[in-house]
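Chemist: Prediction below, plus the sequence it came from.
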Amino acid sequence: MSILPKTNFDDAKLIEAGFGPALAPADAIAKLRELKGNPGIANLAIARALGMIADPRAAAMLTEMEAGASGAIRREIRRALYKLKQRGIGAPAVTAPAASAVHAIATEKTEIAAMLSPIDSEGARIVWIVKPRVQGGVIRLWALISEREGLVGAQNTGLSRRELKSEREELERRAQVKLVDADWRVADFIACEAWRNTPESRRGQVGNFLTLRSELIASPPPTTLLHPVYAELAAEAAGEPSVELLKEPELLEWRIPDAILKPYVDEIGRAGESVIVLNPLHKQERVNAVIDRATVELVTGDNGRAVQRRLEDIAYYMTRVGRRTQAGWAAAASARLRDGVTVTRVPFFLAFIRTQLGTVAAAEQQKAEQEPRLIMTPAEAMRAREAQEARTRRR
């Protein structure tokens, strides 16, 4: 039985483009995302198809589509969501809060601005949110954010516009990075997300962030974000992420902690040195199996959500410094994680994990070469003894 309730012209176009009932839910949703916005593919047909996929990700995509929909398309989206609800799949739990947050945001003064630094090798960055003051000048919320530690520091400062400009230039000169202008709602979400990720034991050390934030922003702290990169880079996000992205500084400097990677590196080392498996092809199969498992464990679940968020923000920053092609690759990679595509089928993620593991393995090898050997082979011992005897004779 077809996944589509009926086959009309629009539905037939979906099938011709590669969408069909044999696809697994994750692949079906990924295909619909890829087709969305393509010439000749109707959003009505996409909404109908999503309504037949019993998966929470289908409801999430419908919710995204509804945000900018009206008329017949919105009615079709609502029908599809209702069908999913009848099958026990409701719209994302964040839908109602998100809607109220959007309404509250619309009432905020639009003079609020924001600036973001790039993410450094340790996963740290700076966020500025700026709002004009009635008495002149601006109030700036400064936040230092760490991917691993959450919110590291936050403070509000009153500045003249000249002082703000001067501090921005000084920071860019000193840190050799560029602060980019950003949608303040994106910056606000990044800061609030970092606050939520800050361990309770450390929150007292970074000040009362929520009080500081309330001086600039009246709406409740956001708990979800429909990241703008998916709209800004819609065509690119539907494509395949290129492994060329790994050559960019943001990826070259990205380091998964060694303590997390080392068990996989050790296992690969044991597989390569095995005296039981003598066939090189079998050894390579064992190595590939370790890499596949590492990719699944490090790029899905909670880890995958963190990787997705970082890729989204990397793409967002890249678009604002004129690197749209690379931004598109990052958006495409994050979209694969958002859609729940099997990561071992995506060459980019396999290459990313191989690079991370290779970096740790190379560092360990270099360290081993620099350390003195405590145990020598008989041949090494003989050469060392002969060298010592030669030095003694010369004396």
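Modeler: Sure, I can see it. Numbers count the residues shown, from 1 in each chain.

Chemist: Go ahead and confirm residue 38 touches residue 18.
Modeler: No - Residue 38 is beyond contact range of residue 18, at 10.9 Å (criterion: Cβ atoms under 8 Å). Every residue, glycine included, has its C-beta placed from N, CA and C.

Chemist: more neighbours, these two?
Modeler: residue 38 (13 against 10; other Cβ atoms under 10 Å).

Chemist: Do you know the pLDDT at that one?
Modeler: In this model, residue 38 is scored at 75, pLDDT.

Chemist: which residues touch the closest residue to it other than its chain neighbours?
Modeler: In space, and not counting its chain neighbours, residue 38 is closest to residue 17: 7.2 Å by Cβ to Cβ, 6 or more residues apart in numbering. By Cβ atoms under 8 Å, 6 or more residues apart in numbering, residue 17 lies in contact with 31, 35, 38, 41.

Chemist: And the third one, how far from residue 297?
Modeler: Using Cβ to Cβ, to the nearest Å, we find residue 38 at a distance of 34 Å from residue 297.

Chemist: Ok, the first one next?
Modeler: In this structure, residue 31 and residue 297 are 26 Å apart, going by Cβ to Cβ.

Chemist: Neighbour count for those two, which is higher?
Modeler: Of the pair residue 31 and residue 297, residue 31 is the one with more neighbours under other Cβ under 10 Å, namely 20 against 15.

Chemist: so where's the chain uncertain?
Modeler: 1-9, 21, 67-69, 92-110, 272-279, 367-385, 388, 391-395 (pLDDT under 70).

Chemist: Okay, strands next: where are they in it?
Modeler: 113-116, 124-132, 138-146, 150-159, 180-182 (DSSP state E).

Chemist: can you redo those strands as TSV with mean neighbour count?
Modeler: Below are these laid out as TSV (neighbours: other Cβ atoms under 10 Å):
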stretch	mean neighbour count
strand 113-116	21
strand 124-132	20
strand 138-146	21
strand 150-159	16
strand 180-182	17
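
Chemist: just checking, residue 225 touches residue 188?
Modeler: No - the criterion here is Cβ under 8 Å, and residue 225 misses it with residue 188 at 9.2 Å.

Chemist: Settle it for me: which of these two has more neighbours?
Modeler: Between residue 225 and residue 188, counted using other Cβ under 10 Å, residue 188 has the larger neighbour count: 26 against 18.

Chemist: Just give me the residue closest to the centre of this protein.
Modeler: residue 308 (2.3 Å; Cα atoms, centre = their mean).

Chemist: dump the residue contacts of that one.
Modeler: Contacts of residue 308 (Cβ under 8 Å, 6+ apart): 334, 337, 338.

Chemist: Out of the strands of the chain, the one nearest residue 345 is which?
Modeler: strand 124-132 (30.9 Å; Cβ to Cβ).

Chemist: helices or strands next to the top helix by length along the chain in the packing?
Modeler: Longest helix of the chain, by residue count under DSSP state H: helix 347-370. The helices and strands touching helix 347-370, judged by 3 or more Cβ pairs under 8 Å, 6 or more residues apart in numbering; DSSP states H and E, are helix 258-273, helix 280-298, helix 324-338.

Chemist: could I get those helices as TSV with distance to residue 206?
Modeler: Below are those laid out as TSV (distance: least, Cβ to Cβ, whole Å):
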stretch	distance to residue 206
helix 258-273	25
helix 280-298	28
helix 324-338	28
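
Chemist: now for these, which one comes closest to residue 78?
Modeler: Nearest of these (Cβ to Cβ): helix 324-338, 22.5 Å.

Chemist: Report all helices and strands that that closest one contacts.
Modeler: helix 229-232, helix 234-237, helix 301-320, helix 347-370.

Chemist: Make CSV from those and add distance to residue 267 to it.
Modeler: Listed next are the helices and strands packed on helix 324-338 as CSV, based on distance: least, Cβ to Cβ, whole Å:
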stretch, distance to residue 267
helix 229-232, 35
helix 234-237, 34
helix 301-320, 18
helix 347-370, 10
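
Chemist: so which of the ones you listed gets nearest residue 89?
Modeler: With Cβ to Cβ as the yardstick, what comes closest out of the helices and strands packed on helix 324-338 is helix 301-320 (20.1 Å).

Chemist: circling back: give me the angle between the longest helix of the chain and helix 258-273.
Modeler: Here helix 347-370 runs at an angle of 80 degrees relative to helix 258-273 (axes from the mean of the first three to the mean of the last three Cα atoms, to 10 degrees).

Chemist: Just the residues contacting helix 347-370, thanks.
Modeler: Residues outside helix 347-370 that contact it (Cβ under 8 Å, 6+ apart): 240-243, 245-246, 251, 254-256, 258, 261-262, 264-265, 268-269, 291-292, 294-295, 298-299, 329, 333, 336, 343-344.

Chemist: Of those, which count as buried by neighbour count?
Modeler: Buried members of these, counted by 16 or more other Cβ atoms under 10 Å: 241-243, 245-246, 251, 254, 256, 261, 264-265, 268, 291, 294-295, 298-299, 329, 333, 336, 343-344.

Chemist: Among the contacts of residue 308, the buried ones, what's the ChimeraX command?
Modeler: Listed next is the ChimeraX selection for buried residues among the contacts of residue 308, using 16+ other Cβ under 10 Å:
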select :334,337,338
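
Chemist: List just the nearest of the contacts of residue 308 to residue 53.
Modeler: For the contacts of residue 308, the nearest to residue 53 is residue 338 (15.4 Å; Cβ to Cβ).

Chemist: which residues sit in contact with the closest one?
Modeler: Residue 338 neighbours (Cβ under 8 Å, 6+ apart): 230, 308.

Chemist: and the gap between it and residue 291?
Modeler: 23 Å.

Chemist: burial measure for the closest residue to residue 269 other than its chain neighbours, as a count.
Modeler: Counting by Cβ to Cβ, 6+ apart, residue 361 is the residue found nearest to residue 269 once chain neighbours are left out, at 7.4 Å. For residue 361, the number of neighbouring residues by other Cβ under 10 Å comes to 18.

Chemist: The strands of the chain: which one's closest to residue 390?
Modeler: strand 124-132 (54.3 Å).

Chemist: roughly how far is that closest one from the heart of the chain?
Modeler: Averaged C-alpha coordinates place strand 124-132 at 20 Å from its chain's average position (Cα atoms, centre = their mean, to the nearest Å).

Chemist: I am finished for the moment; much appreciated.
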